[in-house]
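> Sequence and predicted structure are below.
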Amino acid sequence: MSMSDPLGDMLSRIRNGQMAKKPVIECPFSRLHENVCNVLEDEGFIRAHSVKDIGNNKKVLVIELKYAEGRGVIRQIDRVSKPGRRVYKNVKDMPRFFNGLGILVVSTPRGVMADHKARAANVGGEVLCQVF
């Protein structure tokens with residue numbers, strides 16, 4: 001069965017895994033998923049991620065969730081740009097999420113990066129998700 005929004009599925013797995021206090025979750029591998037996990041790891045929202053080969057030419061992305069004082073570090077994670085409605089922002093119109101406490105994950109021509117790095121590089125792009 002095909003999935004209409006694989007990135008939304010990964011974000012839901014992260015959200016559900018934290019609510020269930022899971023230490024590790026798995027999701028299907030794609031380069032976009034790995035790039036989003038790189039941003040989340042750099043910003044301190046997840047502990048680590050790795051790629052596991054499960055044979056038959058398939059890979060799985062293993063994500064280690066991060067907790068602080070018994071609570072998940074990610075308080076809110078939402079998809080912004082959806083398959084039915086893509087959201088593109090240039091660098092001047094890019095909003096700040098929770099007054100800069102949260103981040104926007106942006107897919108730019110220079111790769112997937114956090115909103116503050118996109119502003120520093122003076123590039124805009126598709127706003128994938130917002131994390132707080």
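Alright, I've got the coordinates. The structure displayed is predicted, hence computed values, not measured ones. Numbering: from 1, shown residues only.

> what's the longest helix in this structure?
As assigned by DSSP state H, the longest helix anywhere in the chain is helix 6-19.

> Tell me where this structure has strands.
Here the chain has its strands, by DSSP state E, at 24-28, 46-55, 58-65, 67-68, 71-72, 77-79, 88-89, 103-108, 111-114, 125-131.

> Mind putting those strands into a markdown table with distance to P95?
The C-beta positions use only the backbone N, C-alpha and C, and glycine is treated the same way. Output for the strands of the chain, formatted as a markdown table (distance: least, CB to CB, whole Å):
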| stretch | distance to P95 |
| --- | --- |
| strand 24-28 | 27 |
| strand 46-55 | 23 |
| strand 58-65 | 26 |
| strand 67-68 | 26 |
| strand 71-72 | 24 |
| strand 77-79 | 13 |
| strand 88-89 | 7 |
| strand 103-108 | 7 |
| strand 111-114 | 13 |
| strand 125-131 | 8 |
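
> Contact partners for the residue nearest to the spatial centre of the chain?
Residue closest to the average C-alpha location in the chain (CA atoms, centre = their mean): V36, at 4.1 Å. Going by CB atoms under 8 Å, 6 or more residues apart in numbering, V36 touches L7, M10, V105, V112, L128, C129.

> So which of the residues you listed is surrounded by the most neighbours?
Within the contacts of V36, neighbour counts (other CB atoms under 10 Å) peak at V105, which reaches 28 neighbours.

> Distance check, it against G125.
10 Å (CB to CB, to the nearest Å).

> can you tell me how far the residue nearest to the centre of the chain sits from G100?
Look at V36 and G100: by CB to CB, they are 20 Å apart.
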